[in-house]
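Student: Predicted coordinates and the sequence they were generated for:
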Amino acid sequence: MKTYLEVNSFPSRHVIYEKRPENFNSRFEIVSCFFECADKILLLHRQDDKPEGNTWGVPAGKIDEGENLAEAMLRELREETGFKLSAEELVYFQKIYVRYSEYDFIYHIFHTKIEEEVQVSISDKEHKDFKWVSPKEALGMPLIPELGSCIKLFYVI
């Protein structure tokens, strides 16, 4: 049984594991959320000058010192989309271990589902656009490297 997820893009730069690999030394932790409405997920288009610039990703970001996972995810959703959720509306899915050639980090995946599309207010400093797309449509877009495998894992595609 493989412990890593197949990665379609940038395969030489990183590997994603479902189980903690040997000699894994996480530099930081990231929270992310599949923010879903009407069988579509919200993707944010990263500004060109940001890490992994000009790619699409879900609302996500680093955990600040003193925050727990849910607090970090709620803050990132508010900062990146303008949408305010309560901790009870978030469902934790899984922890993924990501190994880049330069460093390791932990990637936490949350999910939330809303009934009606909401007004999305993106931060121009971080993102230049947003789209609601099906998970299968997302796989055809230029995504941040680890996201395609996470979509396949979550949506069992």
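Tutor: In hand now; what should we look at? No experiment lies behind these values; they were computed from the predicted model shown.

Student: most residues in a single helix of the protein, which one?
Tutor: Identified as the longest helix of the chain according to DSSP state H is helix 69-81.

Student: which residues are contacting that one?
Tutor: 31-33, 35, 42, 44, 59-64, 67, 83-87, 90, 92, 108, 110, 118, 120-123, 126-127, 130 (C-beta atoms under 8 Å, 6 or more residues apart in numbering). Using the backbone N, CA and C atoms, a C-beta is placed for each residue, glycine as well.

Student: For whichever helix or strand comes after that helix, which strands pair with it and how are they oriented?
Tutor: Next along the chain after helix 69-81, taking DSSP states H and E as the criterion, comes strand 91-100. Strand 91-100 sits in its sheet next to strand 14-17 (antiparallel), strand 104-114 (antiparallel), going by DSSP bridges.

Student: looking at the chain, which helix or strand is least sure?
Tutor: Using mean pLDDT, DSSP states H and E, the weakest-scoring helix or strand in the chain turns out to be strand 4-5, at a mean of 48.
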